[in-house]
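Got a predicted model here, sequence first, then my questions.
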There are 2 protein chains.
Amino acid sequence: MKSLIQKSKNSFTYLNISDVNKNVIATQYAVRGAVPAKSQEIAEELQLIKAGKLDKSYPFDEIIQCNIGNPQIFDQPPISFNRQVLAGVLDGSLVKQGVFKNKDVVNRIEFYREHIAGNVGAYSASPGFKFGQQSVSDFIKRRDGAKQGPDTKHITLLGGASEGVNLVLSALISHGKDGVMIPIPQYPLYSALIQYYGGSQVNYYLNEQDNWSTSINSLKNAQISAGDVGVKPKILVVINPGNPTGAVLTRENIEDMIKFAYDNKIIIIADEVYQENVYTDKSKFYSFRKIVTEMPEPYNKTELVSLHSTSKGIIGECGLRGGYMELHNLNPEVEAQIDKIKTVGLCSNTIGQLTTDLMCNHPRVNAEYSDETVEQYNNEVKELFGGLKERAQLINKYLNKMDNVQAQEQQGAMYAFPRIELSKKAQEAAQKQGMAPDLFYCMEVLLNTGIVLVPGSGFGQEPGTFHFRTTNLVRPAEKLQQSMQLFTKFNNEFHKKYA
Amino acid sequence: MKSLIQKSKNSFTYLNISDVNKNVIATQYAVRGAVPAKSQEIAEELQLIKAGKLDKSYPFDEIIQCNIGNPQIFDQPPISFNRQVLAGVLDGSLVKQGVFKNKDVVNRIEFYREHIAGNVGAYSASPGFKFGQQSVSDFIKRRDGAKQGPDTKHITLLGGASEGVNLVLSALISHGKDGVMIPIPQYPLYSALIQYYGGSQVNYYLNEQDNWSTSINSLKNAQISAGDVGVKPKILVVINPGNPTGAVLTRENIEDMIKFAYDNKIIIIADEVYQENVYTDKSKFYSFRKIVTEMPEPYNKTELVSLHSTSKGIIGECGLRGGYMELHNLNPEVEAQIDKIKTVGLCSNTIGQLTTDLMCNHPRVNAEYSDETVEQYNNEVKELFGGLKERAQLINKYLNKMDNVQAQEQQGAMYAFPRIELSKKAQEAAQKQGMAPDLFYCMEVLLNTGIVLVPGSGFGQEPGTFHFRTTNLVRPAEKLQQSMQLFTKFNNEFHKKYA
């Protein structure tokens, strides 16, 4: 009946699918793809079932969203200093009423109210609040142990790092022979936007068996293959720590990639939104900016776009949409074009901008904060970080005990990307339903456990191999354990069924 | 010296302007163009001058930003109910502390905290919070006196209305022969994005001497001219109330435009962000949605995108970036593509979404609010609206007393778009400086008064005519009067100088 109505409605419309831009139609974004869409349908049904309005049942009573790096969906608490400040900025009467006992909170609110022209309700300058750009510059200086931070004119405050990728790709993709090198597996924002802007995706494969490491040979092979079809790589995307792999690049790795980029006149987009999410002692985060500036001529002239976000790290403020982009060594004329595109959207939301400022200029020793403020802030961060690390290890343990599943150690980020062996029988069953084998597996996991995964095909994988991405965000740990037990049980039955 | 350094820097870079997408280079956005850019430079100099760090002087001590509809930059106060709720949502401890005495504020905070999965720090579903979509639907129903509001699946919460224009144009512009009809003068977001997505701009001229009215003949002429160069109009943009003209369309006007669109298989984008900003008794706002649904077959099947924003209207919450898009009568397959593109950016910022919800579901009689809450809300709105209306009239009076300036009555929106007569001598002076005559005039206004205007060329104007856009936002009224006196004095001197 539903499809009949839609059909009759169609017949009245005059713009149809053939009128839509072909690049838009081809764009795929798996993180919000078929499995999450199905999970949302089920979530709505579960509500109706609970309310006694639907006679249907599922073998679970809750959807567990492991498809997306969204910590606060599992009630990860926000940093209280940040939220108090934001509340005080939005409602100016709170400070006057003496609501905030912490003087550092009051100081920050007053600083913002003094330095923001008008109010957070006013548009800011397009690149964002000046003091926010300065906080980012100071943050980069501290983080990298640099002599000085970047000039604030190279820094733009964003509504999430995705926006930065969008700005840069839209400016630099001129035609279908412009290549964008991306790791495989990759975060599907990249493949989506390359398609959207009509560029060519150039895949470089990560080495799964060596903990998803990046080899320079893989980059060179990708470049050669691209050249064979007339594609010239112009942009090299690096995600460090890796999404979905969780891999952390070594300093040597980064140096090699910078040399490769410079020698081939390629600009680097360094997606470093997980820079604070490093969980193993033997791994250490180095920013591309730090390494570029410390390399000898001419490699210190490598062109670089660095991205960071408020959504990840420890604070996990996804919904507030903050982040920054920093441009290094770009031709000023090119930079001006990227900045111009940013002005068309006027400015990023001011609460997101302040969240970026709070992330970069946080309570710490050696700044003007009371010991209590610093201690409370550090304790909150420590607890959040400890939880992320503990759960990363827990998940790895569970995954590697599951039948036909093999997971690399999660060095960083918020994800595991384990491999699954799917039997011929399972692959045939998938084909019958018109699904890729890993999509079929993830759909079965959803229908039987309520757990939402993203199939590896959404991120890219070596042909013939199958994976899925899950997160280390389900909390508390007991809940994660329960869900992993449920998952294990289903997985093992699945493989028995299709043995 | 500075240019030398930049040159030497250039020589090291490998991506240059020829590597940038040509459509990006061609994109122009006057609202943040040359005059505002210069004003920002001056603002920074003024700060240094005040601090005794720069030996320079200007004949004014403050920049007055009339280039942009940004009410809170002039300290227009936000609606207190809204800001209290947002503060309480961001800092969950405030309600527990009993900070908010107003029970309606507490109720709304608790509603949000119950209905938001996780917290405002979590990503929402891509189209936005379900309850927010419902509030928009109910708002449309009330506003239009409709039997029912739209299905929530057709509503998307946005980070500002600009985002909606972006989504729709990116999906529907397939190639250079796809035409987008825009009024002249128009809001330059449209010309910018048409260029950006490589479509063809099809101008229909508004009738200045009839208070910037829209005639169907003007649409037909535009369509014929487009056809002459092989361009087929696919989208008709209507801005009502008009930006920059302030004109409000009559019901008959709207009906004619709908017929024109349907007969020619054109989808309408109705930019109705100023729907609450109507200042004259003889004008009344009708939404395109209302008229489409009330028209007889087949015109009630006209395809329509409606846009609204939290940035304008009475609340003027520009910085929080909220708004919505509602799709009506679209082919579901086309709609699915637009929705898909929205998912690539994950979701709009949650504070902006809540601001949209607060705008659409505001304290009012017949809902569950106390009399005090409704009275306070109504009083605040009344005062803000009264101020906007008073200043619209005041500006008109001043403008029409100025030499060589002629302004139409401002029926709505936040702008006046007066015509200026520029002598041959003034035009020659402009040419000497390599500027369009109206840009030259606006630059002189800035350098002599600190007032930031946007030249008419940024919006489009009949060849040989010159205009500028200013806002009715400077407040309080005394400050507006002072600035208009300063402006008048300079204007009259300018015309004497170039007589």
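Arrived safely.

longest helix of chain A?
helix A:371-401 (DSSP state H).

does chain B sit close to that helix?
No: using C-beta under 8 Å from any C-beta of the partner chain, we find that helix A:371-401 stays clear of chain B, coming within 12.0 Å at best. (Each C-beta comes from the backbone N, C-alpha and C, glycine too.)

Now do the helix or strand just after that helix: which elements does it pack against?
Sequence order places strand A:405-406 as the next helix or strand after helix A:371-401, per DSSP states H and E. Applying 3 or more C-beta pairs under 8 Å, 6 or more residues apart in numbering or on different chains; DSSP states H and E, one finds that strand A:405-406 makes contact with helix A:371-401, strand A:419-420.

A:Met257 touches A:Lys220, doesn't it?
No: A:Met257 is beyond contact range of A:Lys220, at 11.2 Å (criterion: C-beta atoms under 8 Å).

who's more crowded, those two?
Taking neighbours as other C-beta atoms under 10 Å in any protein chain shown, A:Met257 and A:Lys220 compare with A:Met257 leading, 25 against 13.

Spell out the residue ranges of the strands in the stretch 201-350 of chain A.
For the stretch 201-350 of chain A, the strands defined by DSSP state E, counting those that start in this stretch occupy A:232-239, A:267-271, A:304-309, A:323-328.

May I see those organised as CSV, with mean pLDDT added?
Listed next are the strands of the stretch 201-350 of chain A as CSV, based on pLDDT from 0 to 100:
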stretch, mean pLDDT
strand A:232-239, 97
strand A:267-271, 98
strand A:304-309, 98
strand A:323-328, 98
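
A:Glu255: how many residues sit nearby?
Residues near A:Glu255, counting by other C-beta under 10 Å: 18.

Report the secondary structure state of A:Pro183.
Reduced to three states with DSSP: H, G, I helix; E, B strand; the rest coil, the structure at A:Pro183 is strand.

okay, now it: neighbour count?
A:Pro183 has 29 nearby residues by other C-beta under 10 Å.

right, so the helices and strands packed on strand A:405-406: which one is the most enclosed?
Greatest average neighbour count among these goes to strand A:419-420 (a mean of 23), per mean count of other C-beta atoms under 10 Å in any protein chain shown.

ok, then the element right after that one?
Later in the chain than strand A:419-420, the nearest helix or strand by DSSP H and E is helix A:424-432.

Now that following helix: buried residues?
Under the neighbour-count criterion of 16 or more other C-beta atoms under 10 Å in any protein chain shown, helix A:424-432 has A:Ala426, A:Gln427, A:Ala429, A:Ala430 buried.

With stretch A:288-308 instead?
Buried-residue list, stretch A:288-308, by 16+ other C-beta under 10 Å: A:288-293, A:295, A:299-308.

In helices, which of the residues you listed fall?
Counted as lying in helices by DSSP H, out of the buried residues of stretch A:288-308, are A:Phe288, A:Arg289, A:Lys290, A:Ile291, A:Val292, A:Thr293.

Would you mind splitting chain A into its domains for me?
A:31-73+A:386-498, A:116-361 (the TED database).

Between strand A:323-328 and the helix or strand hosting A:Val136, find me the angle.
Assigned by DSSP H and E, A:Val136 falls within helix A:130-144. Relative orientation of helix A:130-144 and strand A:323-328, computed by axes from the mean of the first three to the mean of the last three C-alpha atoms, to 10 degrees: 70 degrees.

sorry, back to before: could you restrict the buried residues of stretch A:288-308 to the ones contacting chain B?
Among the buried residues of stretch A:288-308, the residues that sit close to chain B (C-beta under 8 Å from any C-beta) are A:Lys301, A:Glu303.

What is the least confident helix or strand in chain A?
helix A:2-10 (a mean of 43; mean pLDDT, DSSP states H and E).

Run through the stretch 1-150 of chain A and note the low-pLDDT ranges.
Within the stretch 1-150 of chain A, the ranges that satisfy pLDDT under 70 run A:1-12, A:31-32.

Mind doing that once more with 80?
Residue ranges of the stretch 1-150 of chain A with pLDDT under 80: A:1-13, A:29-33.

I'd say A:Gln461 and A:Ile184 touch.
Yes: the criterion here is C-beta under 8 Å, and A:Gln461 meets it with A:Ile184 at 6.9 Å.

These two: which is more packed in?
Neighbours per residue, other C-beta under 10 Å: of A:Gln461 and A:Ile184, the larger number sits with A:Gln461, 22 against 17.

Okay, and that one sits in which element?
Counting by DSSP H and E, no helix or strand carries A:Gln461.

Excluding covalently adjacent residues, which one is nearest to it?
Among residues not flanking A:Gln461 along the chain, A:His467 sits closest, at 5.3 Å (C-beta to C-beta, 6 or more residues apart in numbering or on different chains).

Wait, that neighbour touches A:Ala416, no?
No: between A:His467 and A:Ala416 there is no contact under C-beta under 8 Å: 9.6 Å.

between these two, which one's more packed in?
It is A:His467, of A:His467 and A:Ala416, that has more neighbours when counted by other C-beta under 10 Å, with 28 against 25.

If anything else comes up later, I'll come back, but that's it for now.
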